[in-house]
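J.: give the three-dimensional model of this entry:
(2 chains)
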Amino acid sequence: MARNKVKSGNMFLLITLLPAILILGGFIVLFLWGFYQSLTDMRFGRSRVDFEGIENYARLVGRSRFWESVSATAIYAFSAVICESVLGLAIAKLFNTKAVLAQWLRPAILLPLVLPPLSVALMWTTMMNPETGVMNYFLSFVGIENFPWTAKAETAMFAIVFIDVWTFTPFFALIIFAGLRGITPDIIEGARMNGAKAWGIFWRVELPMVLPYILLAALFRIIDSLNQFDIIFGTTQGGPGNATDVLSVSAYFTAFQNLYFGRGAAIMIVNWLMVLLTAMVVVKLWQYTRKRVGGYA
Amino acid sequence: MHSRSISLLLNVLVLIVVFVLAFPIVWILMNSFKQAADVNSYPPAFFFQPTLENYKVLFDIAEAGATNYGTIKIQFLKPVTSSVIISVGAVLLSLIAGVPAGYALARYNFQGKEDLAFFILGFRFAPVLLVIIPMFQFFQAVGLYDSYLGMIWVYQLITLPMIIWLSRSYVEDIPLEIEEAAAICGAKRSQIIIKVVLPLLRPGLVGASLLVFLLAWHNFALGLILTAKNTPVTVALLKLLNPGVNFYPVVSAGLVVSMIVPICLILLGQRHLERGLTFGALK
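T.: Numbering: from 1, shown residues only, chains lettered A, B, ... in the order given. Next up, the predicted model:
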């Protein structure tokens, strides 16, 4: 059957895969076109386009504003993902216990994930209003008055990372929860028989076994956070000043407000390279931890 | 500690987590029913006289001059319909193009199969703006700018890879023996797929469609740049912030509208959403 399938399947394969490949192939062409644009001085509304080689990139590298964008992108993505890993693990552990409410209320974990990120951004914008926002009302109970949130450069990055953490910690919790459920009671029992205490079991057994799951979630989220546009555009639009001017927001304004399409494309290529490099490192880490625990996740 | 007090502590912790996750949504829901004065008051009003005024302004059914916003006109029904048309269209096109591909990836062995599968998943993480910048000019040139058809096509960037990936995982859940048994009975491949595989696949595909509809509903960047009149809900929401007045109450009503659809989807298919959102880690 199997051999027969491969032989007679060529025509069938072509028919089934072709529509998808055609649609996605169109995007590849656009992607390559975008790369070409990044090597030109293309501007919107001007028909003349000159090939400039790496001119756009050279100009970027020489600007401190560009490096501030690179570091804002990295700070945003890494601090969000690290906070989300720790909190996600804690929430997954909590909802994996036998507590009655943990069983009943588990669907609530999904809530932030199903909302449009832009709606989440605007929702928090209204709640973080320094004068009338409900967040500062809560903070006033612990003695913090008029916290500026997105209104001041010093706190704006904290505020948008906070929004990312609220939105995507549930994603970590769900994936880690799947990992915890793979640890059967007899594994825990075995460790206990060998004399391990509760903390010992967590550090020596549970954590190594869920680590591949944590890294898998981190892989998905680091890619999305390095590309994050909606949450930042919906709250600070890169400001105040350029405190939160991550690469994607910077590329948007360069291309669609200043109408420098070539330069905007170059910024996005840099962003894409950042995503690619980071993803490769996390994949390597993930494969390493997975090998160590032998085939889980 | 006694096990009873531990259990109490755990339940309290669960309640705290759920409060943190649910409070913002409840708060926005409350704001959407408040008068403007209550929304902008400090300390915030937890008790108030509810009103439907914000929704009336949002959907432009308030009588002229009857609201606090004078002559500002919003027609929020239009973006809601646009979002529904684009999202449903995107899901349907993805099902037509993606399910056969998912089936092929699950059932056939050919060279470079895993590479192709990962390449397809890679689209999920492509920097959308890198494609939008050239896409904008292309759409302007061929007249797809601000059209539903163009939007349904670009949404495939988000929806198609997910449908392929999920339908592949659902096909793999169907035992191969069922298909082999049908083949032994003399059924043709097309018959097997239509009469045996598709019915078994249907619950999975319904779930995958829910998830992908959700992703399409979420999208903001594509609509921001590639539409002018046929904007999706997310873009229309941001435009609500632009008028010079403090528009928080009406924005809250708009937010509730944009959130109500996804929250209904949780009720419809919590299991499927969990599986889809975790890329199949949680079955």
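
J.: mind checking how far A:E84 is from chain B?
T.: Distance, A:E84 to chain B, using Cβ to the nearest Cβ, to the nearest Å: 14 Å. Every residue, glycine included, has its C-beta placed from N, CA and C.

J.: need the contact list for that residue.
T.: A:164-165, A:168-169, A:171-172, A:217, A:221 (Cβ atoms under 8 Å, 6 or more residues apart in numbering or on different chains).

J.: just the element for it, please.
T.: Per DSSP states H and E: A:E84 is located in helix A:64-95.

J.: can I get the next helix-or-strand element following that helix as PDB, trimmed to CA atoms?
T.: Counting by DSSP H and E, the next helix or strand C-terminal to helix A:64-95 is helix A:100-104. Below are the C-alpha coordinates for helix A:100-104, written out as PDB (Å, rounded to 0.1, in the frame of the first residue of the first chain):
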ATOM      1  CA  VAL A 100     -11.700  23.000  43.000                       C
ATOM      2  CA  LEU A 101     -11.700  26.500  41.600                       C
ATOM      3  CA  ALA A 102      -8.600  25.600  39.400                       C
ATOM      4  CA  GLN A 103     -10.700  23.000  37.600                       C
ATOM      5  CA  TRP A 104     -13.800  25.200  37.200                       C
END
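
J.: quick check, stretch A:32-48 touching chain B?
T.: Yes - judged by Cβ under 8 Å from any Cβ of the partner chain, stretch A:32-48 and chain B are in contact via A:33-34, A:37, A:44.

J.: what mean pLDDT does the helix holding A:E84 have?
T.: Taken as a whole, helix A:64-95 carries a mean pLDDT of 95.

J.: how about JSON lines for the residues of stretch A:32-48 next to chain B, with secondary structure added?
T.: Shown next, in JSON lines, are the residues of stretch A:32-48 next to chain B (DSSP: H, G, I helix; E, B strand; the rest coil):
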{"residue": "A:W33", "secondary structure": "helix"}
{"residue": "A:G34", "secondary structure": "helix"}
{"residue": "A:Q37", "secondary structure": "helix"}
{"residue": "A:F44", "secondary structure": "coil"}
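
J.: out of those residues, which are buried?
T.: Buried by 16 or more other Cβ atoms under 10 Å in any protein chain shown: A:33-34, A:37, out of the residues of stretch A:32-48 next to chain B.

J.: which parts of the stretch 101-250 of chain A are helices?
T.: Taking DSSP state H, counting those that start in this stretch, the helices of the stretch 101-250 of chain A run over residues A:111-114, A:117-127, A:134-140, A:153-181, A:185-193, A:198-201, A:207-226, A:230-235, A:247-256.

J.: repeat for the stretch 101-250 of chain B
T.: Under DSSP H, counting those that start in this stretch, the stretch 101-250 of chain B gives helices at B:113-122, B:128-142, B:148-154, B:156-173, B:176-184, B:189-191, B:198-218, B:221-226, B:233-240, B:248-277.

J.: and of those helices, who's closest to A:M128?
T.: helix B:248-277 (11.8 Å; Cβ to Cβ).

J.: pull out the buried positions in the closest one.
T.: B:248-259, B:261-262, B:265-266, B:269-270, B:272-277.

J.: low-confidence ranges in the chain?
T.: Looking at chain A here, since you left the chain open. A:1-9, A:294-297 (pLDDT under 70).

J.: my question was about chain B
T.: Across chain B (using pLDDT under 70), the flagged ranges come out as B:1, B:61-73, B:242-246, B:279-283.

J.: tell me which residues touch residue 209, please.
T.: Picked chain A for this. With Cβ under 8 Å, 6+ apart, A:M209 has these contacts: A:179, A:182-183, A:187, A:293, A:296.

J.: actually chain B
T.: Counting by Cβ under 8 Å, 6+ apart, B:S209 has contacts B:91, B:95, B:163.

J.: now with 6 Å?
T.: B:V91 (Cβ atoms under 6 Å, 6 or more residues apart in numbering or on different chains).

J.: over to A:Q37?
T.: A:Q37 sits in contact with A:261-262, A:265, where contact means Cβ under 6 Å, 6+ apart.
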